[in-house]
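>>> My questions concern the predicted model and sequence given below.
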Amino acid sequence: MIAAVRAIRELARLRNVQGPGCWRKTLWAVLLATGCIDPTQSRLAAQHAQSGAGGRKAAPGSGSTLEELQRDFVDARFGMFIHFGILTFTGKWAQSHLDLDQFNPTKLNPGQWADAALSAKMTFGVLTTKHHDGFALWDSKESSFDVASTPWKNGKGDVVREYVDAFRARGLKPGLYYSVWDTTQGIGNRPISRSDIDHIKAQLTALLTQYGPIPLLVFDGWSWKMGHKSMPYAEIRDHVKSLQPACLVVDHTHLQNLWDNDLVMFEEPKGVFAPEGNTLPAGQDNKIVSGNDWFWDPSSATQDPLSLDSIVRGHLQPLESRYTTFILNCPPNRQGLLDDNIVRRLAEVGRNWTPNHSRPPLPAGHLQNDYPIVPLRATASSGVASLAIDGINDAGHYTTWQSSSNLPQSITLDLGDTIPDVGILYYVPKYQPSATPTSDGAITSYAIGVSADGSQFSPVASGQWPADSAMKVVTFAPVRARYLRIQALAANGGYAAATEISVGARP
């Protein structure tokens, strides 16, 4: 009887996270909960197994929690971003339907990339498997805009395979980058459809099942282009974690907090740098040379790369103390090799930099939203409530709900279904790239209530927050609810504002 009750609770949660059509995982959850299958053989069981305050187990038998994976990442300290694709040969950033006949890296050698990374004391790579133009560096069964449609190796080549094999052979971890925005497929240039979501999930399935363990998946063209609501974050994150529970999931949200992210990502060319005193697990990326945006162009080969002093004393040393791993973009050329100027500079870095292994471990952080729930809709006592749940965030442009000035004000989230174990809320105030104590609209006194019918609300949490733009986290005992309301009793500047409000389950 107890097992059956647990199964019903899990079915309801899965339906909300993955949608009503998730009958395979729903059935799997029933079998698990009723003891009909061995949970140690289930990736889904590994994803949902709890492991105490540090988070849920990230991989079967590994003992890794999310916090442990985050510590591993910040201890990695230095990695290579590798922008390589059709834009290496032709076209401009995000241009669609480029000439595939141009792609022909006759001397492709990811082993050379890995050797250069090792010479700099890098520990991992991140390859652009698909950028905004949609060109896939593997034989994608979901698209003809891929390496299989080029003359290179008579359509039999696979850059992703050569990369992961070369990096693993040298003890380097192979991370992947994937753009959700796809201008050739049209995803992100029109309202998101079910077929768009299925296309993304199918390509991710290929990347996360054909190439072994992937420790890091960097998304782009998502939050800032279409938002985490229209392209459902919870569903796609759950899909990734079901395939590779130990894979850290990161999106370029341009928020300096862990809203919908396993790591903070500071994109330095956008004008941000990890702040002093940062204790959030983070990465920061920059370019060793300029070119065709992040990709190679002929000028890249003759440039003086980012200086040794800038890389070592301007980045690696200060970022290390800020628990931020430096990811330096090193674009291969049209032959498929790193230019000599890049190779030389990386070797100089390795001779002049050594990780500081006496740095204290990453401090424990707040509880993270392992089971995010994307609300169906939002209403508010004033203002445009939908702006608080659209998940749209770009550098310098953050959609924000803003109330009128006669407090108290409230905003109510409709979760779309009754969830048996709602227990966490994230609140991102009116966002500023660096938190300050004078953020207008920041809620400073709050009360949170939940409801099954949207009319009668029961209180679950209340308290005070400092008047700044840092993300706030509230946890409470898991409760059954469809609606969640946050009431702003007081706010800095006399009105309430929210760039993001998100909730999650705590099974």
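All right, it came through fine.
>>> Name the SS class of the nearest residue to residue 502 once chain neighbours are set aside, please.
Nearest residue to residue 502 in three dimensions, chain neighbours excluded: residue 426, at 4.6 Å (C-beta to C-beta, 6 or more residues apart in numbering). C-beta here means a position set from N, CA and C on the backbone, and glycine is covered the same way. The three-state assignment at residue 426 reads strand, by DSSP: H, G, I helix; E, B strand; the rest coil.
>>> Is residue 426 bridged to anything, and to what?
Beta-bridge partners for residue 426, by DSSP bridges, are residue 473, residue 502.
>>> Flag every buried residue along whichever strand or helix holds residue 198.
Taking DSSP states H and E as the criterion, residue 198 maps to helix 194-209. Residues of helix 194-209 classed as buried by neighbour count (16 or more other C-beta atoms under 10 Å): 196-197, 199-200, 203-208.
>>> Among those, which one sits closest to residue 306?
residue 207 (29.4 Å; C-beta to C-beta).
>>> Looks like the closest one contacts residue 129 (just checking).
Yes - with contact defined as C-beta atoms under 8 Å, residue 207 reaches residue 129; the gap is 6.0 Å.
>>> which residues do these two both contact?
138, 160, 176, 178 (C-beta atoms under 8 Å, 6 or more residues apart in numbering).
>>> Counting neighbours, which of these comes out on top?
Of all the shared contacts of residue 207 and residue 129, residue 176 has the most neighbours under the rule other C-beta atoms under 10 Å, reaching 25 neighbours.
>>> mind checking how far the nearest residue to residue 196 once chain neighbours are set aside is from residue 149?
In space, and not counting its chain neighbours, residue 196 is closest to residue 187: 4.8 Å by C-beta to C-beta, 6+ apart. As judged by C-beta to C-beta, to the nearest Å, residue 187 and residue 149 stand 18 Å apart.
>>> cool, residue 485 as well?
51 Å.
>>> In terms of packing, which of those two has more residues around it?
residue 485 (21 against 17).
>>> Tell me the confidence at that one?
Residue 485 is assigned 98 on the pLDDT scale.
>>> ok, the closest residue to it other than its chain neighbours - contacts?
Once flanking residues are discounted, residue 485 sits nearest to residue 412: 4.4 Å by C-beta to C-beta, 6+ apart. Residue 412 makes contact with 378-380, 385, 454, 483-485, according to C-beta under 8 Å, 6+ apart.
>>> Now intersect those with the strands, please.
378-380, 483-485 (DSSP state E).
>>> Report the secondary structure state of residue 487.
Applying three-state DSSP: residue 487 is strand.
>>> Tell me if I'm right that it and residue 445 touch.
No - contact between residue 487 and residue 445 fails when scored by C-beta under 8 Å: they sit 9.1 Å apart.
>>> on that earlier part again, now the shared contacts of residue 207 and residue 129 in TSV, with secondary structure and distance to residue 261?
Output for the shared contacts of residue 207 and residue 129, formatted as TSV (DSSP: H, G, I helix; E, B strand; the rest coil; distance: C-beta to C-beta, whole Å):
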residue	secondary structure	distance to residue 261
138	coil	25
160	helix	23
176	strand	16
178	strand	15
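>>> For residue 239, state which of those is nearest.
Taking C-beta to C-beta as the measure, residue 178 is the one of the shared contacts of residue 207 and residue 129 closest to residue 239, at 12.3 Å.
>>> how much space between the closest one and residue 399?
24 Å.
>>> still on that earlier bit, what does the residue nearest to residue 485 show for phi and psi?
phi -120, psi 130 (degrees, to the nearest 10).
>>> in the stretch 1-150 of the chain, which spans are helices?
With DSSP state H, counting those that start in this stretch as the criterion, the stretch 1-150 of the chain has helices at 2-18, 23-33, 43-48, 66-76, 110-119.
>>> circling back: for the helix holding residue 198, packing partners?
When contacts are defined as 3 or more C-beta pairs under 8 Å, 6 or more residues apart in numbering; DSSP states H and E, helix 194-209 packs onto strand 173-179, strand 216-220, helix 233-243.
>>> For residue 120, find the nearest of those.
Of these, the one closest to residue 120 (C-beta to C-beta) turns out to be strand 173-179, at 14.9 Å.
>>> which residues are contacting that closest one?
Against strand 173-179 from outside (C-beta under 8 Å, 6+ apart): 76, 79, 81, 123-132, 134, 160, 163-164, 167-168, 203-204, 207, 211, 214-221.
>>> care to break the protein down by domain?
2-37, 68-352, 371-505 (automatic domain parsing).
>>> of all those, which has the lowest average per-residue confidence?
domain 2-37 (a mean of 40).
>>> Please consider this matter closed, and thank you.
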